[in-house]
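1. next come a sequence and a model predicted from it.
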Amino acid sequence: MTEFYGRYKKRSYFEGWYFKNQNERDTISFIPAFHIDQNQNKSASIQVITNCASYHLAYPINEFSVWDKRFGIRIGKNIFTDRGISLDIKRNNLTLKGKLSYSAFTPLKYDIMGPFRYVPFMQCRHSVFSLTHNVNGTIVMNGRSMSFHQGMGYVEGDRGTSFPKNYLWTQCNWYDRGNNTVMVSIANIPIANFAFTGCISVIYYGGKEYRLATYLGVKIKKYNKKELWIQQGKYDLYVQLLEENPYSLMAPEKGNMIRTVHESINCKIRYRFMVEGNVVFDYTGNGSFENGIME
């Protein structure tokens, strides 16, 4: 795998990939991850989150590998690639088996981190591998079948030492004369002896990519557990969480998966995007919303 950064890390490090898959009824995401704690102990995990449950599965490091020449991760009998995923899990409370195939990924025009990708010693770095792609196949989870026919997918990733102290993340796929995507992340970003609140966001609508980010001069007008509003030049993006359905996920703290955050993977959210005061879209539907704001 050409973009695996953890190969030569020694301690306090994590690297994870987020594979989201949805159809008209179901949304299911898989988070394969590699981590090293402060004592140099290496391990792997897979997290699964659906409309009605979440699971955290730990694996020894000898069951983790990455592909050298392609985007691919193997943990146990499970494989995650840019062409699809293959699942074979049987634990006490989770049985999951099946395959999903992906159409070609839709990449960003350039790295979501912009010039911040070159800043050393950042606590967490974000990646977007595919804004949207089609998902086909069937998986069976605890005896229930989930069939995907021209479903929608999204793939991103994070790497570093810890998740930000405070952050919000939301992402949504929907179909309107083509696959469309919104992703926004607002987070506390410590660098050296100071910290600031930063924002990265990408909108893919009607086959066109829009970028709003701190490095492009975005202004965070509103930011709390239920809504956010960002503004950049002629662009305005407003997000409002209308109904949540949170389940717990484990997040890294100095490489250890010991922090609990909450994600509503399939909840009711409103997204309104305007250019020069004109509404490009005002969509209310099922999106994902993760709350990492500490009390």
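-> Received it, and whenever you're ready, just let me know what you need.

2. going forward, measure contacts between C-alpha atoms and count neighbours the same way
-> Noted.

3. and the end-to-end length of stretch 135-148?
-> Taking CA to CA, to the nearest Å, stretch 135-148 runs 6 Å from one end to the other.

4. which residues touch F163?
-> Going by CA atoms under 8 Å, 6 or more residues apart in numbering, F163 touches 123-124, 251-253.

5. what's around the closest residue in space to C172 that isn't next to it in sequence, how many residues?
-> Nearest non-adjacent residue to C172, counting by CA to CA, 6 or more residues apart in numbering: G287, 4.4 Å away. The criterion is other CA atoms under 10 Å. On that basis, G287 has 24 neighbouring residues.

6. hang on, isn't N180 packed against T132?
-> Yes. Look at N180 against T132 with CA atoms under 8 Å: they come within range, at 7.2 Å.

7. more crowded one of these two?
-> A count of neighbours by other CA under 10 Å puts T132 above the other of N180 and T132, at 26 against 21.

8. list the contacts for the more buried one?
-> Contacts of T132 by CA under 8 Å, 6+ apart are 105-106, 152-155, 173, 179-181.

9. export those to CSV and tack on secondary structure, distance to D88 and pLDDT?
-> Formatted as CSV, the contacts of T132 follow (DSSP: H, G, I helix; E, B strand; the rest coil; distance: CA to CA, whole Å; pLDDT from 0 to 100):
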residue, secondary structure, distance to D88, pLDDT
F105, coil, 24, 97
T106, coil, 27, 97
M152, strand, 22, 97
G153, strand, 20, 98
Y154, strand, 21, 98
V155, strand, 20, 98
N173, strand, 26, 97
N179, strand, 29, 95
N180, strand, 30, 97
T181, strand, 29, 98
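
10. between those, which is nearest Y13?
-> Distance to Y13 across the contacts of T132 (CA to CA) is lowest for V155, with 20.5 Å.

11. from A187, how far out is the closest one?
-> 20 Å.

12. who's more crowded, those two?
-> V155 (23 against 20).

13. any low-confidence regions in the stretch 151-295 of the chain?
-> 295 (pLDDT under 70).

14. ok, which stretches of it are strands?
-> Assigned by DSSP state E, counting those that start in this stretch, the strands in the stretch 151-295 of the chain fall at 167-175, 179-191, 194-205, 208-213, 219-223, 227-232, 235-243, 247-253, 256-275, 278-291.

15. which of the ones you listed sits most buried?
-> strand 167-175 (a mean of 21; mean count of other CA atoms under 10 Å).

16. and that strand with strand 278-291, angle?
-> Put simply, strand 167-175 runs at 130 degrees to strand 278-291, going by axes from the mean of the first three to the mean of the last three CA atoms, to 10 degrees.

17. residues in contact with strand 167-175: which ones?
-> Residues outside strand 167-175 that contact it (CA under 8 Å, 6+ apart): 132, 152-154, 179-188, 225, 286-293.

18. that older thread, going by distance to F116, which of the contacts of F163 wins?
-> Set against F116, the nearest of the contacts of F163 by CA to CA is C124 (10.8 Å).

19. before we move on, back to that, wait, doesn't the residue nearest to C172 sit right on N266?
-> Yes. Contact criterion CA under 8 Å: G287 and N266 qualify, at 5.3 Å.

20. count the residues that sit near the nearest residue to E253 once chain neighbours are set aside.
-> Closest residue to E253 apart from its sequence neighbours, by CA to CA, 6+ apart: S162 at 4.5 Å. S162 has 23 neighbours, counted by other CA under 10 Å.

21. how close does S162 sit to L242?
-> Distance, S162 to L242, using CA to CA: 29 Å.

22. K99 too?
-> K99 is 33 Å from L242, where distance means CA to CA.

23. ditto for V182
-> From V182 over to L242 (counting by CA to CA), the distance is 16 Å.

24. tell me the pLDDT at the nearest residue to E156 once chain neighbours are set aside?
-> Distances taken as CA to CA, 6+ apart put V128 closest to E156, at 4.2 Å, once the chain neighbours are dropped. We have a pLDDT of 98 for V128.

25. now the one 4 residues further on
-> Looking at T132, its pLDDT stands at 97.

26. and for Y8?
-> According to the prediction, Y8 has pLDDT 89.

27. where along the stretch 1-150 of the chain do the strands fall?
-> 13-22, 27-36, 42-49, 54-60, 64-66, 72-75, 78-81, 84-91, 94-102, 124-141, 144-160.

28. quick check: mean pLDDT across the shortest one?
-> Confidence over strand 64-66 (mean pLDDT, whole number) is 96.

29. give me the contacts around that strand.
-> Here strand 64-66 has contacts from 1, 4, 34, 44, 72-76, using CA under 8 Å, 6+ apart.

30. does Y215 touch G114 like I think?
-> Yes. When contacts are counted by CA under 8 Å, Y215 is listed as touching G114 (6.9 Å).
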